[in-house]
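**Q** sequence-free structure coming up:
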């Protein structure tokens, strides 16, 4: 999940390359009044928020003062061995400018998502920062309610998971499919990240107008905050601004740090093409 980021360190892009930041699943908990309501939303007939081919490009900066790198998020489609069609979310993060000269970062995150289950099937995070490289892989078995997690060549670990559940990247796309983002609403999404079960609390704060290099947008402002074993971590708070329409495109994302914040600003977007999944 999100950890404090030091300028010029290996953490420069890793904070975002994973809104991988925070976001998780299907489990909705508590209404705006705080009542103990718990609802599992049924899968939509067809996902309207995003389609294969969608490409979103972001400039990553520290407190909007200097650019640290770029992040590109794409939606692809593929077939599993059983011929079932699924979606693959791909995020590439790369340092640039002074940061790239001091501590180059080149990260790739992929999430395979089943649009019928509305859950993640697998997740991989390949990191390259400085001279170090790391690969983290998670494979989900929803029938057995387990996830097999592996870091580099270390022995695998099997984790019991809740149902439903997302990974750190699929959570963002799953959140985009939510239609009822009323001001004051709170949701909780279960996520597996770094070999652990997390709960991400999502709070819908306000409707705001936002201007980025990609244009002017009416948005829904959302705050996400991770919890581990039911307790807020005290760090990792992220703010998102999603377009106030069916697509709910994240046009701005900010992760708060002890000093300043990392800002992800949408600079370019390409819509995908609607495809009925089989």
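**A** Nice, I can see it. All figures in this text were calculated on a predicted structure; none of them were measured in a lab.
**Q** Tell me which stretches of the chain form helices.
**A** 97-102, 170-176 (DSSP state H).
**Q** Mean pLDDT lowest where, among those helices?
**A** Across those, helix 97-102 has the smallest mean pLDDT, namely a mean of 64.
**Q** wait, residue 73 sits on residue 108?
**A** No. Counting by CB atoms under 8 Å, residue 108 is not a contact partner of residue 73; they are 11.4 Å apart. Every C-beta, even on glycine, is put in place using the N, C-alpha and C of the backbone.
**Q** more neighbours, those two?
**A** residue 73 (28 against 16; other CB atoms under 10 Å).
**Q** What count of nearby residues applies to the spatially closest residue to that one that is not a sequence neighbour?
**A** Sequence neighbours aside, residue 56 is the residue nearest to residue 73 in space, at 4.5 Å (criterion: CB to CB, 6 or more residues apart in numbering). Look at residue 56: counted by other CB under 10 Å, it has 22 neighbours.
**Q** you'd agree residue 56 is up against residue 72?
**A** Yes. Using CB under 8 Å, residue 56 makes contact with residue 72 at a distance of 7.1 Å.
**Q** Against residue 183, how distant is residue 223?
**A** 12 Å (CB to CB, to the nearest Å).
**Q** what about the longest strand in this structure?
**A** Longest strand in the chain by number of residues, with DSSP state E as the criterion: strand 196-212.
**Q** ok, back up a step: overlap of the contact sets of residue 73 and residue 108?
**A** 90-91 (CB atoms under 8 Å, 6 or more residues apart in numbering).
**Q** tell me, what's touching residue 223 and residue 183 both at once?
**A** In contact with both residue 223 and residue 183: residue 205, using CB under 8 Å, 6+ apart.
**Q** Who has more neighbours out of these two?
**A** Each of residue 223 and residue 183 has its neighbours counted (other CB under 10 Å); residue 223 has more, 17 against 12.
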